[in-house]
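*Asks:* generate a structure from the sequence data that follows.
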Amino acid sequence: MVQELPDPQRNEVLTQHLYRYLQFTTQLEQLVVNKTMLDIAYGRIGVDLPRGMVFDAHKIYCDEAYHALFSMDMYRQVIDATGVAPRIGSEPHFFRRLRRLLEDVDPSMRLLVELLFVFCSETLISGTLDSGRDQQVDPAVHEMVKDHAKDEGKHHAYFASFLFHLWPQIHAKYQESAAALIPDLIMTFLEPDRESLVGELCGYDLSRNEAEQVVAETFTGDVVSEYARATARHTLRYCREAGVLDHPAAVERFHELGLIEEDQCPASMQSAPQKDRTWKGSGRF
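*Replies:* Predicted coordinates for the structure are as follows:
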């Protein structure tokens, strides 16, 4: 049904998808990740970290601000170049989902949930930053994504190490609850915004039923689960090595959300021997 739309509307589908991606990046980096980077940089998280990690939080803050800046710059340029007005809502889906999760947890856990979400997002995002080499991808978009991916590879390594400092310092009374929340935090980042997409498709003269059919057949449960497992494979490995999956509630929730296969739990999800993930300091930058 979408392929049969007139060329101008099919082009707008792609343009709105780019707006959605750029908005996601801008708000993730500025409103979520950089809030946490400031908390780390100024010692407000209650976790002992090596001095090099604290200092590098300042550097990551600058990187993330730049990612937000070039995403917003691209957003403005696309509007000027295409004349297509964005109609994607004021905030991305992940932000609403994260806010609901924070509202539902005990206030004493909210900072911890924010830290764990940033760990998830920073170890997940590098797996999503691939514009490919398809000649149909605008060169400016391709170069922007490639630039972003280069920085996020470093941030990925930083937050992989961060989890191994954080997890042993979480009070025992919070570990079980925190472990069971991590799968939801992963899906908060990865889950498609179906309702927004349905609303957008209705604007292309598709009926509500047709729009819902397109979204349902595009984002089937199997497709979403396969994508989530592939994207989260490193995040899941770090969780396993750090001891997150020593908690049965976490294993159960990972399975419920399709992030691990049934034959992977619970016996085969025992903690693997922990690798040396000591952060090597600002030399990595």
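
*Asks:* any weak-confidence spans in the stretch 1-150 of the chain?
*Replies:* Within the stretch 1-150 of the chain, the segments meeting pLDDT under 70 span 131-134.

*Asks:* switch to 50 and redo it
*Replies:* Within the stretch 1-150 of the chain, no range satisfies pLDDT under 50.

*Asks:* how about the helices in it?
*Replies:* 7-27, 34-41, 51-82, 93-104, 110-124, 139-166 (DSSP state H, counting those that start in this stretch).

*Asks:* mean neighbour count, those helices: which tops it?
*Replies:* Among the helices of the stretch 1-150 of the chain, helix 110-124 has the highest mean neighbour count (mean count of other Cβ atoms under 10 Å), at a mean of 23. C-beta: built from backbone N, CA, C; applies to glycine.

*Asks:* can you show me the CA trace of that one as PDB?
*Replies:* Output in PDB follows, covering the C-alpha atoms of helix 110-124 (Å, rounded to 0.1, in the frame of the first residue of the first chain):
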ATOM      1  CA  ARG A 110      15.000   6.800  39.800                       C
ATOM      2  CA  LEU A 111      18.700   7.800  39.500                       C
ATOM      3  CA  LEU A 112      19.700   4.200  39.200                       C
ATOM      4  CA  VAL A 113      17.100   3.600  36.500                       C
ATOM      5  CA  GLU A 114      18.400   6.600  34.600                       C
ATOM      6  CA  LEU A 115      22.000   5.300  34.900                       C
ATOM      7  CA  LEU A 116      20.900   1.900  33.600                       C
ATOM      8  CA  PHE A 117      18.900   3.400  30.700                       C
ATOM      9  CA  VAL A 118      22.000   5.300  29.600                       C
ATOM     10  CA  PHE A 119      24.100   2.100  29.900                       C
ATOM     11  CA  CYS A 120      21.500   0.400  27.700                       C
ATOM     12  CA  SER A 121      21.200   3.200  25.200                       C
ATOM     13  CA  GLU A 122      25.000   3.700  24.800                       C
ATOM     14  CA  THR A 123      25.700   0.000  24.300                       C
ATOM     15  CA  LEU A 124      22.700  -0.300  21.900                       C
END
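
*Asks:* fine by me, thanks again.
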